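Undergrad: Return a 3D structure for these sequence lines:
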Amino acid sequence: MTMLQRLGAFLLCLLATLMGSSAYIVYRNTLTGYPVGASFFWFSLFAFISALCMPTTRSPPFYVEPPGASWWRSLKKVSLWFYLLDGLLYTLDFACILYNLHSRELGVVVTILIVAQIRPIATTILGVRFLHDTCKSWTVFVVGGLMTIAGVIIYGYPSKDEIGVDTANATFLGINLVILIAFIGLVFEVVQGTIDAYYRRKTAITQADASANLFASATILGFIWMLMEHTFIEASPGLPPLPTAAQLAPLAFLGLAPTALGAIMRNVVRDQLGVPTVDVIGNMRPVFAIIIGLIPFSWFATKNPSFTPEHTGGILLTVAGTIIVALFAKGEAAKQPTKS
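TA: I've put the predicted structure just below:
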């Protein structure tokens, strides 16, 4: 891979990370009053529809679908049991994230994002062991990775998170429960991402089709989750109320941008730069989150957004570490034999 190709993959990964960062704020600003299970069902449904509408004739960098290939035919290439397992892990991961966000615990967003910094360590181990991804300079990877983690921690604590809440006022029990749930969700996320990449690389299936299959499974599981939540937690048998027009718009945004487009972009880049490198770049989510909070639009705007010295130093350290890993560690995905 040339330096120009690596730079292009880096920029694509940054865009996917930016979309992922926006999801936290959009959800907190618009949907915390809507049931968690119903929120997941609706944005998974929008993500499924969006993935079906995306081009599927090319699948860089490994495979090209045969002429006339369709999403339905792609279902036959991988066991339906795998897609159910993939969707279940994906759903459980989102359940942990959404219930944390829904709890409105003070400082919860920064807590979730800081716990997520462990992901590059876990995925590096799994990526090398099971996906055979490589890195030409592990010294550079370790130095840059530690810089990104340190940068996130520096501006995350002790300061205000991107929803403008003082983390020092968080209750001990509440914040530790948030941390526990975030760790459990992290396990689901790491396992799901690894097995998803493993099977996707082994089969001739496009990025859009692979994402559509995942979101189809998630939509089915989300519907079951929505019914169970409404029946047993809300103690109201039947279907939950449909989202209002004000809620439907951000749900559609979450399904299209950070979920569907973001997943496809991350899949493409993971198949170029490798899982470990992409996840280190993903450490920039908190950086983008605080920048997005400055946008004067109700979905994105946050309370009292400001750049303290901790924010500035942390951001610079995170950005520097990310650039070092992306451009100089030279991680790459394991090459796969071409299939037709």
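
Undergrad: tell me the secondary structure for residue 7?
TA: Classification of residue 7 by DSSP: H, G, I helix; E, B strand; the rest coil places it in helix.

Undergrad: can you give me the strands in the stretch 1-150 of the chain?
TA: 134-135 (DSSP state E, counting those that start in this stretch).

Undergrad: Name the spans of it whose pLDDT lies under the cut-off.
TA: 55-77, 103-111, 113-114 (pLDDT under 70).

Undergrad: all helices of it, in order?
TA: Counting by DSSP state H, counting those that start in this stretch, residue ranges of the helices within the stretch 1-150 of the chain are 3-30, 36-52, 71-74, 80-102, 108-115, 119-126, 138-156.

Undergrad: Mind putting the ones you listed into a markdown table with distance to residue 330 and mean neighbour count?
TA: (Glycine included, C-beta is placed from N, CA and C.) Output for the helices of the stretch 1-150 of the chain, formatted as a markdown table (distance: least, Cβ to Cβ, whole Å; neighbours: other Cβ atoms under 10 Å):
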| stretch | distance to residue 330 | mean neighbour count |
| --- | --- | --- |
| helix 3-30 | 7 | 19 |
| helix 36-52 | 31 | 24 |
| helix 71-74 | 32 | 14 |
| helix 80-102 | 29 | 19 |
| helix 108-115 | 27 | 23 |
| helix 119-126 | 14 | 20 |
| helix 138-156 | 8 | 20 |
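
Undergrad: of all the ones you listed, which lies closest to residue 194?
TA: helix 119-126 (4.5 Å; Cβ to Cβ).

Undergrad: Just the C-alphas of that closest one, formatted as PDB.
TA: Taking C-alpha atoms only, helix 119-126 is exported to PDB below (Å, rounded to 0.1, in the frame of the first residue of the first chain):
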ATOM      1  CA  ARG A 119     -10.600  -1.800  22.600                       C
ATOM      2  CA  PRO A 120      -7.400  -1.200  20.500                       C
ATOM      3  CA  ILE A 121      -5.500  -3.400  23.000                       C
ATOM      4  CA  ALA A 122      -8.100  -6.200  22.800                       C
ATOM      5  CA  THR A 123      -8.600  -6.000  19.000                       C
ATOM      6  CA  THR A 124      -4.800  -6.000  18.400                       C
ATOM      7  CA  ILE A 125      -4.500  -9.300  20.200                       C
ATOM      8  CA  LEU A 126      -7.500 -10.800  18.400                       C
END
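
Undergrad: same for that helix, what does it pack against?
TA: helix 138-156, helix 172-202, helix 275-281 (3 or more Cβ pairs under 8 Å, 6 or more residues apart in numbering; DSSP states H and E).

Undergrad: Those helices: which one's closest to residue 78?
TA: Using Cβ to Cβ, those put helix 172-202 closest to residue 78, at 5.6 Å.

Undergrad: helices and strands around whichever helix or strand comes after the closest one, which ones?
TA: Sequence-wise, the next helix or strand downstream of helix 172-202 (DSSP states H and E) is helix 207-228. Of the remaining helices and strands, those touching helix 207-228 by 3+ Cβ pairs under 8 Å, 6+ apart are helix 36-52, helix 71-74, helix 80-102, helix 172-202, helix 262-273.

Undergrad: Could you export those helices as TSV, including distance to residue 327?
TA: Below are these laid out as TSV (distance: least, Cβ to Cβ, whole Å):
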stretch	distance to residue 327
helix 36-52	30
helix 71-74	34
helix 80-102	30
helix 172-202	22
helix 262-273	10
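
Undergrad: Show me the one of the helices of the stretch 1-150 of the chain that comes nearest residue 321.
TA: So among those, helix 138-156 is nearest, using Cβ to Cβ, at 2.8 Å.

Undergrad: Could you check the angle that closest one makes with helix 119-126?
TA: 150 degrees (axes from the mean of the first three to the mean of the last three Cα atoms, to 10 degrees).

Undergrad: Against residue 198, how distant is residue 191?
TA: 11 Å (Cβ to Cβ, to the nearest Å).

Undergrad: sorry, that was for residue 54
TA: In terms of Cβ to Cβ, residue 54 sits 22 Å off from residue 198.

Undergrad: Relative to residue 38, which of the helices and strands packed on helix 119-126 is closest?
TA: helix 172-202 (19.0 Å).

Undergrad: Many thanks, I have nothing further to ask.
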